[in-house]
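S.K.: would you be able to build a 3D model of this:
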Amino acid sequence: MSLSSAISNAVSGLSAVSRGTELVSANIANALTPGYARRELDLSSHPSQGGINVQGVSRAISAGLLADNRLAMADLGSSETMAAFHAAMEQAFGTGTETYSLGTSLTDLEAALTGAAARPDSEIQLSAVLNAATALAGKINEISDQIQAERNKADQAIEQDVLRLNAGLEQVAKLNAQIVTLSAQGGDASSLIDLRQAAIDDISDILPVSEVPRENGRVALFTPDGAILLDGTEPARIGFSPTPGITAGSTLANGGLSTLTFNGKPLTAAQQSMLDGGSLGAHFAIRDQIAPGYQQQIDAFAHELYRRLSDPAVDPSLGAGMPGLFTDAQGAFDPADETGFAGRITVNSLVDPDAGGNLWRIRAGLDASGPGNAGESALLSRLGDALSAMQSPASASLSAAPRSLQTLTSELSSFAATNRLRAEAEALKSSAHQSGIQAALLAQGVDTDREMENLLALERAYAANARVFQAANDMLDSILGLT
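M.R.: Numbers count the residues shown, from 1 in each chain. Now for the predicted structure:
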């Protein structure tokens, strides 16, 4: 080997050591930086001149694990959204003996009717019936209001998800362009790729995305069902117009709710399914399917409560179709208009002294001509029996199995509680799955102990190359000294 070759090899080794030291420093400094991938120096021997050739810098990360992590993040975003919603529904219906539960409100009315039947002449007992009935109607209204509030909340969350999604896609497109430009100039685009990875990760809880490499360092983004989010210089533009004041009757079918647009074109239900998954899909499911399902149940309960206490067999003073103790906004209830009835059910003003009514109508009959015998308790007893009677519900939203109203309230509360437990279990499973994948990704990340070992190896390599360089330099000095 000639002296010039030895010097050239030593210089190339020192250059590689210098670059490697920079990478070790960057790795240690960014060990906890989200989206940062450990850097590795790509080296090769020079084919003709010998020495070390620095080919570039590579990011050490598993594309498969990264893809799995993004799908797991979308699954976690969906399951956590569902768990929060079902927890809110369980809170609305209440469970057990909680004072705010639907079951407790019904129990209070049954107890008040029993007390009034024992003392039908007591205005205090009749007032207790009025108060308990008002509280029960208020609780039903409250549950209906809470369901619609959750639908409005989901609608607003969809808007926020869409804004975040569009911003994330625009950021990825911009980083794509910067990476192409920097790579074409021969620069190291690793930092920009880190930023792009973090940007894609940030939108992965909104909906699942798949990353596909393209030429010159670009990437394309698709959903698992094939929707093209980004493949080129311009990302897809997702649009959504929130619906103010969603009501029980608001549906996609009647135009009361908004759907997504894709590059300005409204999506059909089948097309929108390509964007399912993540928090975005969960919010749509809550707004359009799950919450309306809860509304159907509470509407059916209100229907059953109204039907039982407006039956002429229970209150002979009532004619067919007349409202009893409960009304539909002070009118008769139409079974064909059950949707939203839980938000309209009220106590009949005929029994409310504050509304110009008379308490004695609870004892004598809602449409009675006079107070009758103050000691007559037959109607009060029939009202209580109607609540506890085993009857088949009239609403098509409930099964035809005969049961009491108290059993029905237990079913509704149990349904909400079961859904909450199931959703929380699913969220816990999703969290554990995502945490496991995240741990595997972190294991491929920066290990500071390993980096320190690499630094020691680089130090030894530096010393060896420096000695070669010094030896070659001394030999060259000796040769020049002979002349």
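S.K.: in space, what's closest to the most centrally placed residue in the chain - neighbours in sequence excluded?
M.R.: Centroid-nearest residue in the chain: Thr81, 2.5 Å away (criterion: CA atoms, centre = their mean). Spatial nearest neighbour of Thr81, chain neighbours left out: Ala282 (3.8 Å); criterion: CB to CB, 6 or more residues apart in numbering. In this view, the C-beta of every residue, glycine as well, is placed from N, C-alpha and C.
S.K.: list the contacts for that neighbour?
M.R.: Going by CB atoms under 8 Å, 6 or more residues apart in numbering, Ala282 touches Gly77, Ser78, Ser79, Thr81, Met82.
S.K.: what of Thr107?
M.R.: Contacts of Thr107 (CB under 8 Å, 6+ apart): Gln406.
S.K.: same deal with Phe222?
M.R.: Val209, Ser210, Val212, Ile228, Leu229, Asp231.
S.K.: next, count neighbours for Arg450.
M.R.: 12 (other CB atoms under 10 Å).
S.K.: so what pLDDT did it get?
M.R.: Arg450 is assigned 71 on the pLDDT scale.
S.K.: picking up where we left off before, which element is the residue nearest to the centre of the chain on?
M.R.: Here Thr81 sits within helix 63-93, counting by DSSP states H and E.
S.K.: okay, the residue nearest to Thr81: pLDDT?
M.R.: Confidence score, pLDDT, at Ala282: 96.
S.K.: how about Asp188?
M.R.: Confidence score, pLDDT, at Asp188: 81.
S.K.: three-state assignment of it?
M.R.: coil (DSSP: H, G, I helix; E, B strand; the rest coil).
S.K.: and it, how close does it get to Leu182?
M.R.: Computed with CB to CB, to the nearest Å, the distance linking Asp188 and Leu182 is 8 Å.
S.K.: ok, Gly249 next?
M.R.: 55 Å.
S.K.: so which of these two has more stuff around it?
M.R.: Leu182 (17 against 12).
S.K.: isn't Arg151 up against Ile246?
M.R.: Yes - counting by CB atoms under 8 Å, Arg151 touches Ile246, with 4.8 Å between them.
S.K.: so what sits against both of the two?
M.R.: Arg287.
S.K.: okay, these two: which has more neighbours?
M.R.: Neighbours of Arg151 and Ile246, each counted by other CB under 10 Å, are more numerous for Arg151; the result is 26 against 23.
S.K.: what sits against the more buried one?
M.R.: Ile246, Ser250, Ile286, Arg287, Ala291, Pro292.
S.K.: which pair of those residues spans the longest distance?
M.R.: Pairwise distances across these peak at 13.4 Å for Ser250 and Ile286 (criterion: CB to CB).
S.K.: neighbour-wise, which of the two wins?
M.R.: When Ser250 and Ile286 are compared for neighbours, Ile286 comes out ahead with 26 against 21, by other CB under 10 Å.
S.K.: quick check, Asn465 in contact with Gly20.
M.R.: No - the criterion here is CB under 8 Å, and Asn465 misses it with Gly20 at 11.7 Å.
S.K.: so Phe333 is in contact with Thr327, correct?
M.R.: Yes - between Phe333 and Thr327 there is a contact under CB under 8 Å: 7.3 Å.
S.K.: quickly list what's touching both of these two.
M.R.: Here Phe333 and Thr327 have Tyr306 as joint contacts, going by CB under 8 Å, 6+ apart.
S.K.: if we can go back for a sec, which of the helices or strands spans the residue nearest to Thr81?
M.R.: helix 278-285.
S.K.: give me the pLDDT value at Asp447.
M.R.: If you check Asp447, the pLDDT there is 66.
S.K.: which positions within stretch 228-241 qualify as buried?
M.R.: Neighbour-count burial for stretch 228-241, counted by 16 or more other CB atoms under 10 Å, picks out Leu229, Leu230, Pro235, Ile238, Gly239, Phe240.
S.K.: ok, and the helix or strand in this structure with the lowest average confidence?
M.R.: strand 52-60 (a mean of 65; mean pLDDT, DSSP states H and E).
S.K.: I'd like the average pLDDT over stretch 291-303.
M.R.: 97.
S.K.: report the angle between the top helix by length along the chain and helix 278-285.
M.R.: Ranked by residue count, the top helix of the chain under DSSP state H comes out as helix 123-184. Relative orientation of helix 123-184 versus helix 278-285 (axes from the mean of the first three to the mean of the last three CA atoms, to 10 degrees): 140 degrees.
S.K.: and the next element down the chain from helix 123-184?
M.R.: Following helix 123-184 toward the C-terminus (DSSP H and E): helix 190-203.
S.K.: ok, and what's touching whatever helix or strand comes next after that next one?
M.R.: Per DSSP H and E, helix 190-203 leads on to strand 210-213 as the next helix or strand towards the C-terminus. Residues outside strand 210-213 that contact it (CB under 8 Å, 6+ apart): Ala63, Leu66, Ala67, Arg70, Ile200, Val219, Ala220, Leu221, Phe222, Thr223, Pro224, Asp231.
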